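1. could you work out the structure for the sequence below:
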Amino acid sequence: MLLLATLLSFSLIQETPLFIEKSGELEFSGQMIARPLHRDDAALAASLASQTLRYIPATDEFILTVPEGMTENSYAAELLRAGAFEYVHPDWICYPLGDPNDPRFSDQWHHDNMESSAGWDLLTGDSNQIAAWCDTGVDHGHEDLAANLIPGYNSVDYIEEINGGDTSDINGHGTHVAGCIGAIGNNGVGLAGVTWGMKMMPIRVSNSSSGGAYLSSILDGARWAADHGAKTVSASYSGVDNAAVGTTGTDVKNSGALFFYAAGNGGQTWSSFDYPDTIVVGASDSGDGLASFSGRGLGIDLVAPGVGVWSTTMNDNYAAWSGTSMATPVANGVAAMIFAANPNLTADEVQERLYSSCDDLGTTGNDNTYGWGRVNVRRAIEAALHGNMSMTMTNLMAGQAVTVSITSANSNAALYVAYSSTGLAVNSNASLGVVYGLANPSLLRVLSSNAVGTASMTMVVPNSLAGQTFWVQTLAMNRTSNWIQDTVR
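-> Now for the predicted structure:
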């Protein structure tokens, strides 16, 4: 279906290049892979002869050298402009990606459960985003944390770190929590947190070696963090059943951030509260059961791995600890990844996507044991790429018509229906001001919404596409739709 339209380079509506290198991950090679629209196109093959390194009959692809004086981007634009290709993209030099090279990564069972490696294939973090945690401080010199730490706050003394506030770890608990969120991945040492590249803001809420803290210090620290740029902030402390915890969650959300609080380690059943804005986190085990010690009940919003979770400890050490103290920063890190994947989302939208992307472990939907379920890194990042327009698509059937329908668009707006045949990626379009989810996208058609913000298109799926998988998404100014994946049957 997608091949009947004139294929336009997506750079026509982008200010940024169509292809961008990522050192150590994807690098230009001076070669391109191009697949023509029509097989056995002798004229096209002849025109490419001088640049063809080889032709691959099984996939009907040309491996081309980039002509002298051109770049991968300019050559792709030239080829696509001719309208004779299904796709053209660099023959990337690829490096191993997914599982990091941290020597203790294999000990971290929770990343398997959360599909973290598949999520990291899409995104490993965003250095423009800040995650914070209210705890006993942090080991500033830890090999797996130091590079991402930024100045924080001592809420006991009401002193910012830049003004002399002490955020060093007085107990050790805060350093373990920090690693659960953001131990630096793929750096050859230690292990990996949920997010590898986030700025990490320590909020020390205790000046006691026991780690004991006033609830007010915890909540003040959370508010300070949100007011100073953190998009997520968590507290791995007791006291969740106090109404102020819910109130602070609302205030934090009003600042554009999300607040996470531990459900407790006493096996409590919480039935007296259900905060709309504070995310209460229970603990799951390696078999995706609820940990015996975890809080549960009406007040639980979701669960995260919290049994035998390996993380950072003082003096460049590592250990496996258990508790909702570990589950809560893990959930913090997953939400931080949603903010990183799509900074255009509001806190409410991130919360909704966090809940909807959980693996549902109990009764269908929100229940009193697992809440919405156990957090999932891959699904959370993919959910972040769904926008605020609604798109539906009938099944892709070879030789039959497919209809794409868009609702919730702005009235009389230009809608760019795009597709990918290679999968999902975290991408941005500077001209439209949006983040979208298509890897190596091609523009299928430009539609205009009507006065009530709806539009549709219909086209026939060519028989030759049987068995191929496509990802489709619609973009507009400051708006995107959900993405849809389907295989031609």
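2. low-confidence stretches in the stretch 1-150 of the chain?
-> Applying pLDDT under 70 to the stretch 1-150 of the chain picks out residues 1-16, 22-26, 56, 58-59, 92-106.
3. do that again at 50, thanks
-> Applying pLDDT under 50 to the stretch 1-150 of the chain flags residues 1-15, 25-26, 94-100.
4. ranges for the helices of it?
-> Assigned by DSSP state H, counting those that start in this stretch, the helices in the stretch 1-150 of the chain fall at 42-47, 72-81, 109-113, 116-122.
5. can you give me the distance of Asn154 to Pro202?
-> 9 Å (CB to CB, to the nearest Å). To be clear about C-beta, it is placed using only N, CA and C from the backbone, and glycine gets the same treatment.
6. what touches both of those two?
-> Common contact partners of Asn154 and Pro202 (CB atoms under 8 Å, 6 or more residues apart in numbering): Glu161, Thr167.
7. so between these two, which is more surrounded?
-> Pro202 (32 against 25; other CB atoms under 10 Å).
8. low-scoring stretches of the stretch 301-450 of the chain, by residue?
-> Low-confidence regions of the stretch 301-450 of the chain, defined here as pLDDT under 50, do not occur.
9. list the contacts for the residue nearest in space to the middle of the chain?
-> In the chain, the centroid-proximal residue (CA atoms, centre = their mean) is Ile381; its distance is 2.8 Å. Ile381 makes contact with Gly119, Leu122, Leu123, Met337, Ile338, Ala341, Val426 under the criterion CB under 8 Å, 6+ apart.
10. what's near enough to touch the first one?
-> Listed by CB under 8 Å, 6+ apart, the contact partners of Gly119 are Met337, Asn376, Val377, Arg378, Ala380, Ile381.
11. keep only those of those residues that are in helices.
-> Secondary structure from DSSP state H places Met337, Val377, Arg378, Ala380, Ile381 of those in helices.
12. right, and the second one touches Val334 too?
-> Read it as Val377. Yes. Under the criterion of CB atoms under 8 Å, Val377 makes contact with Val334 at 5.8 Å.
13. dump the helices of the stretch 1-150 of the chain to a markdown table, plus distance to Ser408.
-> Shown next, in a markdown table, are those (distance: least, CB to CB, whole Å):
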| stretch | distance to Ser408 |
| --- | --- |
| helix 42-47 | 41 |
| helix 72-81 | 30 |
| helix 109-113 | 34 |
| helix 116-122 | 25 |
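14. how about those, which one is nearest Trp270?
-> For Trp270, the closest of the helices of the stretch 1-150 of the chain is helix 109-113, at 23.3 Å, according to CB to CB.
15. which helices and strands sit right next to the closest one?
-> Counting contacts by 3 or more CB pairs under 8 Å, 6 or more residues apart in numbering; DSSP states H and E, helix 109-113 is packed against strand 302-305.
16. now for the strand it packs on, which elements pack on it?
-> So strand 302-305, by 3+ CB pairs under 8 Å, 6+ apart, packs with helix 109-113, strand 278-284, helix 324-341.
17. please save the CA atoms from it in PDB.
-> Extracted C-alpha coordinates of strand 302-305, given in PDB (Å, rounded to 0.1, in the frame of the first residue of the first chain):
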ATOM      1  CA  LEU A 302       2.200  -0.400  40.400                       C
ATOM      2  CA  VAL A 303       5.000  -2.700  41.300                       C
ATOM      3  CA  ALA A 304       8.700  -2.900  40.300                       C
ATOM      4  CA  PRO A 305      11.500  -5.400  41.000                       C
END
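18. next helix or strand past that strand?
-> Using DSSP states H and E, the helix or strand that directly follows strand 302-305 along the chain is strand 309-313.
19. could you give the angle of that next one to helix 324-341?
-> Calculated by axes from the mean of the first three to the mean of the last three CA atoms, to 10 degrees, strand 309-313 forms an angle of 90 degrees with helix 324-341.
20. strand 309-313: how far from the chain's middle?
-> Remark: strand 309-313 is offset 22 Å from the chain centroid, using CA atoms, centre = their mean, to the nearest Å.
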